[in-house]
Structures are given as structure tokens and as C-alpha cells.
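Student: coords please:
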Amino acid sequence: MESSRNSYSTKFFSSSDSLLFQDFNIEIKRKINKKVKLNLNYFNFKFNDNAVKVANYYKMIYAQIVVLDLTYQFNRYHSIRFETQGMWTQQDKGNWAFGQIEYTFSPHWYLAILDQYNYGNNNIEEKTTLWFNFWRLYRRVS
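Tutor: The predicted structure follows:
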């Protein structure tokens, strides 16, 4: 009986000569004082898009990502959070930038303004993407 599945045999704990996915990251969390919290993250991704199917790029993708998150707590129910992210890659759609400002004004409600910008692709006129969003959300369980 014919099968459309591909399979192979391997020894237990053997390694392959091809890379499918690799992730290295660092996270630094600091409470600066009673009102200010800081999170800083660095991610280094390598993945074979032919195997993982994230971007439909069908090649190896190498990406560096940095995330900075800063929260200021006014009181128990009011806080403001700033987040910025950068992703740098020469594959797929190129570099991205992200920014967000979020204001929480009760245990459940918050407003957020965010923007994503794809600025690092090869075809600036046709493929540059800018997403601006405004969110008003109710969070039932945190």
C-alpha cells in the first residue's frame, strides 16, 4: 500500500546534520523602586522555515530580537506601561519595530495604543507595512 508520508530511521540520541530550530534568550527583570519595574529581553532565533513553517520563506531564518518593557505603578489600580521591540533579520520580510503604551485604570480595564512597522525589507514601496492599533479591553482574570 502506497503512503504519502515520509519517514526515516535513526539511532536513539543521535543528532542530525541539519538545524531545524534554535533559540537562545536572556531575560533581565528589575524592580527599580516601589513604583517602577523594568524587563529587558534578548532573543536569538535560528530556524528552518521549510520545517517550522512560520513565514513561508522556505529557507533558514536568523533573527535578533530585543524587548524593553517599563511599568510605572501610580497606585493599586492605575499604571502605565511602555513597551518597545526591535527585530533584525535579513530574511523573509526584514526588520520590524514595535511600540506600545498601555494605561490600566482599574483591576480589569485598560487602554493601549500600539504600532508595528516593517522597515527593513528589500521592496520598500510595495512591502512596507505599518499597523496602528487602539485597544480598549476588559480583563476578567489576570
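Student: going forward, measure contacts and count neighbours with C-alpha atoms only.
Tutor: Will do.
Student: now for residue 81, how many residues are close by?
Tutor: Residue 81: 18 surrounding residues under other Cα atoms under 10 Å.
Student: elements contacting whatever helix or strand residue 45 lives in?
Tutor: According to DSSP states H and E, residue 45 maps onto strand 36-48. Judged by 3 or more Cα pairs under 8 Å, 6 or more residues apart in numbering; DSSP states H and E, strand 36-48 is in contact with strand 21-31, strand 60-73.
Student: any idea which of those is most buried?
Tutor: For the helices and strands packed on strand 36-48, average neighbour numbers computed from mean count of other Cα atoms under 10 Å are highest in strand 60-73, which has a mean of 18.
Student: strand partners (parallel or antiparallel) of that one?
Tutor: Note on strand 60-73: by DSSP bridges, its sheet partners are strand 36-48 (antiparallel), strand 79-88 (antiparallel).
Student: re the thing from before, can you give me the buried ones in the strand holding residue 45?
Tutor: 36, 37, 38, 40, 42, 43, 44, 46, 47, 48 (16 or more other Cα atoms under 10 Å).
Student: likewise stretch 113-121?
Tutor: Residues 114, 116, 117, 118, 119, 120, 121 are the ones in stretch 113-121 that count as buried (16+ other Cα under 10 Å).
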